[in-house]
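Enquirer: missing the sequence, but the structure's below:
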C-alpha cells in the first residue's frame, strides 16, 4: 500500500460511507473509521438498526463506497469502492475492537450495547487525489 495513502488514512478519522438499501437506493452517512493495513480493511461501529445495516442483515454482504477528505483547505481526497459486511465472528470482533477503540475511545460507551455491530469494508478500487499540484497527483489502485 502506498505510504501517502496510509498517512492520509492515519491523519483522518471520518469518512462518508455509502451503502445500498434493499431497494437499491444509495444511503450515505458520515462515520468514524478505523483500519488495518495488511490486507487493507476499514471498520465502522454502527447501530444494527440503522438504515446502512438493514440491507446487510438480509444480503450478508453488499457493495459500498467511502470518501475521506472533503476540506477546501487541504484539497486531498480518497475515494474507495469495495464490499462491506456485518462482522459476526467473535474473534474478528475482538481484533477489530483492539484497533477501533484505541482510535476512537469515545466509542467505548457503545461496546456493550446489544445493537452495536462492526462493519468490515474491503476495498476493490481506490483513488487518492492531491489537487494541490498541477496536474493533480493521482494514485490509483485496483484489484486488491
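Expert: Arrived safely, thanks for sending. These numbers were taken from a predicted model, which means no experiment stands behind them. Residues are numbered from 1 along each chain as shown.
Enquirer: can you tell me the average pLDDT over stretch 1-19?
Expert: Stretch 1-19 shows a mean pLDDT of 95.
Enquirer: nope, stretch 52-60 is what I was after
Expert: 83.
Enquirer: residues in contact with the helix or strand bottoming out on mean pLDDT in the chain?
Expert: Comparing helices and strands within the chain by mean pLDDT, DSSP states H and E singles out helix 51-59 as the least confident, with a mean of 84. Counting by CB atoms under 8 Å, 6 or more residues apart in numbering, the neighbours of helix 51-59 from elsewhere in the structure are 17, 19-22, 27, 29, 46-48, 62, 84-86, 117, 119. Every residue, glycine included, has its C-beta placed from N, CA and C.
Enquirer: identify the residue nearest residue 93 in space, chain neighbours excluded?
Expert: residue 87 (5.5 Å; CB to CB, 6 or more residues apart in numbering).
Enquirer: could I get the pLDDT score of that neighbour?
Expert: Here, the pLDDT recorded for residue 87 equals 96.
Enquirer: can you check residue 24 too?
Expert: Predicted confidence (pLDDT) for residue 24: 88.
Enquirer: so it: helix, strand or coil?
Expert: For residue 24, the reduced secondary structure class is coil; criterion used: DSSP: H, G, I helix; E, B strand; the rest coil.
Enquirer: what about it, neighbour count?
Expert: When neighbours are defined as other CB atoms under 10 Å, residue 24 has 7 of them.
Enquirer: that older thread, so the residue nearest to residue 93 is in contact with residue 117, correct?
Expert: Yes: under the criterion of CB atoms under 8 Å, residue 87 is in contact with residue 117, at a separation of 7.0 Å.
Enquirer: which one of the two has more residues nearby?
Expert: Under the neighbour definition other CB under 10 Å, residue 87 and residue 117 were set side by side, and residue 117 has more, 20 against 15.
Enquirer: show me what that one is bridged to.
Expert: Following DSSP bridges, residue 117 is listed with bridge partners residue 46.
Enquirer: from residue 18, how far off is it?
Expert: Residue 117 sits 18 Å away from residue 18, taking CB to CB, to the nearest Å as the criterion.
Enquirer: what about residue 19, distance to residue 144?
Expert: With the distance defined as CB to CB, residue 19 ends up 19 Å from residue 144.
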